[in-house]
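Q: Structure for this input, please:
(chains A and B, ligands or ions: 3)
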Amino acid sequence: MGVKLLLDKANVPGIRTYDVYRREGGYSAVEKALKEMNPETIVEEVKKSGLRGRGGAGFPAGMKWSFIAKPEGVPRHLVCNADESEPGTFKDRYLMEFLPHLLLEGLIIASFALGSNDTYIYIRGEYAWIPDILEEAINEAKANGWLGKNILGTGFDCNIHVQRGAGAYICGEETALIESLEGRRGNPRIKPPFPAIQGLWMRPTVVNNVETLAAVVPIIHMGGDEYAKIGVGKSTGTKLISACGNINKPGVYEIDMTVSVEDFIYSDEYCGGIKGGKQLKACIPGGSSVPILPANLLLKTAKGETRYMNYESLSDGGFATGSMMGSGGFIVLDEDQCIVKNTLTLARFYRHESCGQCSPCREGTGWMEKILMKIEQGKGEMSDIDLLWDIQRKIEGNTICPLGDAASWPVAAAIRHFRDEFEWHVKNPELSQTSNFGLQHYADPIHIPA
Amino acid sequence: MGMQFNEIQMTEFKRLVARYPEGKQKSALLPALHLAQESFDGWLSVETMDYIASLLNIEPIEVYEVASFYSMYNLKPVGKFVFEVCQTGPCMISGSDNIIDYIKQTLDIKPGETTKDGVFTLKLVECLGACGYAPMMQVGKIYKEHLTKEKVDAIIAEYRQLAASKN
Ligand SMILES: Cc1cc2nc3c(=O)[nH]c(=O)nc-3n(C[C@H](O)[C@H](O)[C@H](O)COP(=O)(O)O)c2cc1C
Ligand code: SF4
Ligand code: FES
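A: Ligands and ions are numbered 1, 2, ... in the order given. Predicted coordinates for the structure are as follows:
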């Protein structure tokens, strides 16, 4: 069993309620932070912990906190990013549904450290039942003196508000989220200015992911140095992985980032192997935006070394032969899955979610979907594959926000690693409608663990 | 003036607005539109949007541009219950195509359409954050997960009954 810092109490009956959470030692991190520490020492501990943002970009949380501007007389805000809309990702939902008080504890500590008296949780609109859970928890915390005025006699006031989005993946991007929170369309802002200087209502703002904020609780308990000893290299602490696709045990797992990809997929502690005894074909290890990898490159790096479930190892080899940790959305595809069709659904997703501000993203995502549709329906030509490659290359890096990149990478990686499958679709239009390419494209025999 | 919030709805509206600082009441727009959609037959008419604009003291265009941006707001009437079935990658590789076909066949409608009796609308949507429990769909506030044909039958029966009891 690996170390568990976030989900260790997830199975305690009633842990969602204040009384049980408190009885299990809950809110002692808030006590420690507010009574024994000050904002500077809290930021220092988070820096020492090496905690990296769990929303996808992996930016060090302590460093982000230290950037917040503190102009005299201007309120500052903490915003919790609970938009969670990256396909394959459903870990924040789990935390909020089952451990709402853990998130609140992290939010109170972070609000204290940043000086946020009004903190907002922006949650995707479709998670329509979760605001009720969070608001119930907020009321309980308030009734017990952990929120509201003069918390623990420190003079610090804090209220937490829950705001629902209304169906827009782009609102997970932090500046689009801020726009949305201000009651506008989710169009990302041009940076700079960064939110830490001018964010919500042009006030200094920190946006952090749900899991990042929850991880502050164990950091306060154990201290940054101890937290940093868990894991490996710059992948400190634990990470929640939401595993889905063709596996025996889909779900949310907490790992300490020393587990190998092979163990993660095949051991009974985690995914429990491929469903129906089939073979592993490919995997998108960090949410739909990150490059898809064929089985052989997933389990071992190009150098033939074991690949592990952490930031460095998953990106070993760069985009040529590696991928990314991303949001921790681990999507597994078995031998019967069609890479072209899978890529098409992702291209459709990004076309649907483009906010339309930049022409390369708005037009490019539409073209990619159309061409992939053509190939998938057996009407493609060989030149379409090169055209796809060309379009994705012209989107990447030429847009206001990273959604453009996020739309390009899945298409690029699919062509890079599965070009022969695209070609097979073009050459065998009829066959490709009734059967699938399976595992034919592997040059090397795939290593299938016993 | 046609539609107006009743007393309970107005109390909730005021609670939403109070969450933001003085002068930032526009921030309540998204939650206010959710409330309006829930209160007025599951969709936002121009009249409803104008009403929200007047309550928040903003221009109607500020409401229209937001309502048209977000996929959860319906700008046309919908059935009593909307089946929003996820079709993105993880659900697709877990068999969502079969479920979508089955719903189309059983309700005899295409995506975007409403059944003749006005009870069901079928919508295809993108990832709802339930990929590990696929295939899945959202009905109102609720997620229906691990869908099978049998489950779909049961869900349709459940909501038909609910619709009948509401009439
Ligand atoms: C298109 C797009 C979608 C994003 N979606 C999310 C999301 O759903 N949740 C999230 O926490 N971060 C998301 N991010 C990342 C945020 O912009 C931001 O980096 C993050 O919330 C910072 O928190 P962290 O440092 O704690 O990870 C998204 C970024 C982009 C470009
Ligand atoms: S890259 Fe796409 S989503 Fe991002 S701002 Fe430009 S058009 Fe909008
Ligand atoms: S892909 Fe369907 S819920 Fe995520």
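
Q: CA atoms for contacts and neighbours, from now on please.
A: Fine.

Q: Show me where the chain dips below the pLDDT cut-off.
A: Picked chain A for this. Within chain A, the stretches with pLDDT under 70 are A:1, A:441-450.

Q: Chain B is the one I meant
A: If you take pLDDT under 70 as the line, chain B has these spans: B:1-2, B:167.

Q: if we go to 50?
A: Low-confidence segments of chain B (pLDDT under 50): B:1.

Q: Pull the residues that contact the helix or strand encompassing residue B:156.
A: For residue B:156, the host element (DSSP states H and E) is helix B:149-166. Helix B:149-166 is contacted from outside by B:80-81, B:99, B:102-103, B:119, using C-alpha atoms under 8 Å, 6 or more residues apart in numbering or on different chains.

Q: Quick check: buried residues in it?
A: By 16 or more other C-alpha atoms under 10 Å in any protein chain shown, the buried positions in helix B:149-166 come out as B:152, B:156, B:159-160.

Q: Check the offset of stretch A:44-58 from the chain's centre.
A: Remark: stretch A:44-58 is offset 14 Å from the chain centroid, using C-alpha atoms, centre = their mean, to the nearest Å.

Q: Please apply the same query to stretch A:365-385.
A: Computed by C-alpha atoms, centre = their mean, the chain-centroid distance of stretch A:365-385 equals 29 Å.

Q: ok, now stretch A:348-367?
A: From the chain centre to the centre of stretch A:348-367 is a distance of 21 Å (C-alpha atoms, centre = their mean).

Q: Break the chain down into its structural domains.
A: With no chain named, the answer covers chain A. Following automatic domain parsing, chain A resolves into domains at A:18-229, A:235-334, A:339-434.

Q: ah, no, chain B please
A: Per automatic domain parsing, the structural domains of chain B span B:7-69, B:81-166.

Q: For the residue nearest the centre of chain A, what are phi and psi?
A: In chain A, the residue lying closest to the centroid (C-alpha atoms, centre = their mean) is residue A:327, at 2.2 Å. In terms of degrees, to the nearest 10, the main-chain angles of residue A:327 are phi -90, psi 0.

Q: do you know how far it is from chain B?
A: 12 Å (C-alpha to the nearest C-alpha, to the nearest Å).

Q: what does residue A:100 give?
A: In terms of C-alpha to the nearest C-alpha, residue A:100 sits 17 Å off from chain B.

Q: again with residue A:192
A: From residue A:192 over to chain B (counting by C-alpha to the nearest C-alpha), the distance is 23 Å.

Q: Kindly list the longest helix within chain A.
A: In chain A, with assignment by DSSP state H, the single longest helix is helix A:403-427.

Q: next one: the next helix or strand after that one to chain centre, how far?
A: Sequence order places helix A:431-434 as the next helix or strand after helix A:403-427, per DSSP H and E. In terms of C-alpha atoms, centre = their mean, the centre of helix A:431-434 is found 35 Å from the chain centre.

Q: With stretch B:147-159 instead?
A: Distance of stretch B:147-159 from its chain centroid, counting by C-alpha atoms, centre = their mean, is 19 Å.

Q: cool, stretch A:231-247 as well?
A: Chain-centre distance of stretch A:231-247: 10 Å, with C-alpha atoms, centre = their mean.

Q: want to throw the buried residues of helix B:149-166 into TSV with distance to ligand 3?
A: Supplementary listing: the buried residues of helix B:149-166 in TSV, determined by distance: C-alpha to the nearest ligand atom, whole Å:
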residue	distance to ligand 3
B:152	16
B:156	20
B:159	22
B:160	25
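
Q: tell me the two of the residues you listed that are most distant?
A: B:152 and B:160 (12.1 Å; C-alpha to C-alpha).

Q: how about the closest residue to residue A:327 other than its chain neighbours, secondary structure?
A: The shortest distance from residue A:327 to any non-neighbouring residue, by C-alpha to C-alpha, 6 or more residues apart in numbering or on different chains, is to residue A:56 (4.2 Å). Three-state call for residue A:56 (DSSP: H, G, I helix; E, B strand; the rest coil): coil.

Q: residues near residue A:56, how many?
A: Neighbourhood size, residue A:56 [other C-alpha atoms under 10 Å in any protein chain shown]: 19.

Q: List, one by one, the residues from chain A near ligand 1.
A: Contact residues (C-alpha under 6 Å from any ligand atom) of chain A with ligand 1: A:53-59, A:61, A:81-86, A:170, A:172-174, A:207-209, A:212, A:401-403.

Q: Alongside ligand 3, which residues does chain B contribute?
A: When proximity is defined by C-alpha under 6 Å from any ligand atom, chain B lies next to ligand 3 at B:86-91, B:127-131.

Q: mind listing what residue A:84 touches?
A: Residue A:84 makes contact with A:90, A:92-93, A:123-124, A:169, A:172, B:129 under the criterion C-alpha under 8 Å, 6+ apart.

Q: quick check, nearest of these to residue A:436?
A: Using C-alpha to C-alpha, residue B:129 comes nearest to residue A:436 of the contacts of residue A:84, at 27.4 Å.

Q: I figured the closest one hits residue A:89, correct?
A: Yes: here residue B:129 reaches residue A:89: they are 6.0 Å apart, a contact under C-alpha atoms under 8 Å.

Q: More neighbours: which of those two?
A: A direct count of neighbours by other C-alpha under 10 Å for residue B:129 and residue A:89 places residue A:89 higher, at 32 against 26.

Q: What separation is there between that one and residue A:344?
A: Residue A:89 is 19 Å from residue A:344, where distance means C-alpha to C-alpha, to the nearest Å.

Q: how many other residues sit next to residue A:179?
A: Around residue A:179 there are 20 residues (other C-alpha under 10 Å).

Q: Okay, and it sits in which element?
A: helix A:174-181.

Q: That helix: what's the following helix or strand?
A: Next along the chain after helix A:174-181, taking DSSP H and E as the criterion, comes strand A:205-209.

Q: quick check, whatever helix or strand comes next after that following strand touching chain B?
A: Toward the C-terminus, strand A:205-209 is succeeded by helix A:210-222 as the next helix or strand (DSSP H and E). No: using C-alpha under 8 Å from any C-alpha of the partner chain, helix A:210-222 stays clear of chain B, with a minimum separation of 14.2 Å.

Q: farthest residue from the center of chain B?
A: Distance to centre of chain B, C-alpha atoms, centre = their mean, peaks at residue B:22 (30.2 Å).

Q: For stretch A:275-282, give me every contacting residue.
A: Residues beyond stretch A:275-282 that count as contacts (C-alpha under 8 Å, 6+ apart) turn out to be A:246-248, A:274, A:292-295, A:298, A:332-335, A:337, A:438-439, A:448.
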